[in-house]
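J.: Test case, fold it:
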Amino acid sequence: MKKIATLTRINEEKLMAIIRVETIERAEEIVDGCLEGGVSCLEISYTNQNAGTIIEQLKDRYQEKVVIGAGTVLDSETARHAILKGAEFIIAPNFSHAVAKLCNRYQIPYMPGCTSMTEIVEALEAGADMVKAFPTSSFVGPKVVATIKTPMPYVPVLSSGGVTTENVAEWLHSGVDCMGVGTLLSKGSKTEIAENARLLRKKVTESLN
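T.: As a prediction, the model looks like this:
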């Protein structure tokens, strides 16, 4: 049931902060800003070696106020490490059968990056829960979601990059299930992050009503 609850929360929130951070102090500042603005889904990237420690500490402090996953998980070894540290979902820029198998074993949502339709089908057959449109989200924009969902309308899509405060409605109307947001929700002061989060949340609410 934990897996279902995590996926439901991600789908309902529609926004996910993509965070690359070196210290727990900065991580907490970012999370506080995100929460103040109404964003509680967070991806902590494993481009930083202490990502597992940060996930563990954030989850210990914020508990159910946040749902925290690991990003840039390239292999099953990293995936297992992240899960042991408390990661509630696994995101990657690539698709890996080994990671899919491990995540299914422990019932942790897996969201691999896919570029081609063949890769998307292969990922779904291996049990991926969502497909990350990467790196196409940044290059193509919202149209990539509609392109994927025209032949395969049942594919849950997570965008990664390309979201601004001006095009949220376009992304949602294209059919995106959740939008991964980096710079707006991870750079600047706590106040700036909170303001960006608040504006993004407002745009989501307006678009869905």
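J.: Export stretch 49-65 to PDB, keeping only CA atoms.
T.: Extracted in PDB, the C-alpha atoms of stretch 49-65 (Å, rounded to 0.1, in the frame of the first residue of the first chain):
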ATOM      1  CA  GLN A  49      27.800  11.400  -2.900                       C
ATOM      2  CA  ASN A  50      26.000  12.200   0.400                       C
ATOM      3  CA  ALA A  51      22.600  12.000  -1.200                       C
ATOM      4  CA  GLY A  52      21.600   9.000   0.900                       C
ATOM      5  CA  THR A  53      22.500  10.700   4.100                       C
ATOM      6  CA  ILE A  54      20.500  13.800   3.200                       C
ATOM      7  CA  ILE A  55      17.500  11.700   2.300                       C
ATOM      8  CA  GLU A  56      17.700   9.900   5.600                       C
ATOM      9  CA  GLN A  57      18.000  13.100   7.600                       C
ATOM     10  CA  LEU A  58      15.300  14.900   5.700                       C
ATOM     11  CA  LYS A  59      12.800  12.000   6.200                       C
ATOM     12  CA  ASP A  60      13.700  11.800   9.900                       C
ATOM     13  CA  ARG A  61      13.000  15.500  10.300                       C
ATOM     14  CA  TYR A  62       9.900  16.000   8.100                       C
ATOM     15  CA  GLN A  63       8.300  12.600   8.300                       C
ATOM     16  CA  GLU A  64       5.100  12.500   6.300                       C
ATOM     17  CA  LYS A  65       5.100  16.200   5.500                       C
END
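J.: Name the surrounding residues that touch that stretch.
T.: In this structure, residues lying in contact with stretch 49-65 by C-beta atoms under 8 Å, 6 or more residues apart in numbering are 21-22, 24, 27-28, 31, 35, 40, 42, 44-46, 48, 66, 68, 70, 81-82, 84-87. Where C-beta positions appear, they are placed from N, C-alpha and C, glycine not excepted.
J.: Check the secondary structure at residue 55 for me.
T.: With DSSP: H, G, I helix; E, B strand; the rest coil as the basis, residue 55 sits in helix.
J.: Provide the count of other residues in contact range of it.
T.: By the criterion of other C-beta atoms under 10 Å, residue 55 has 26 neighbours.
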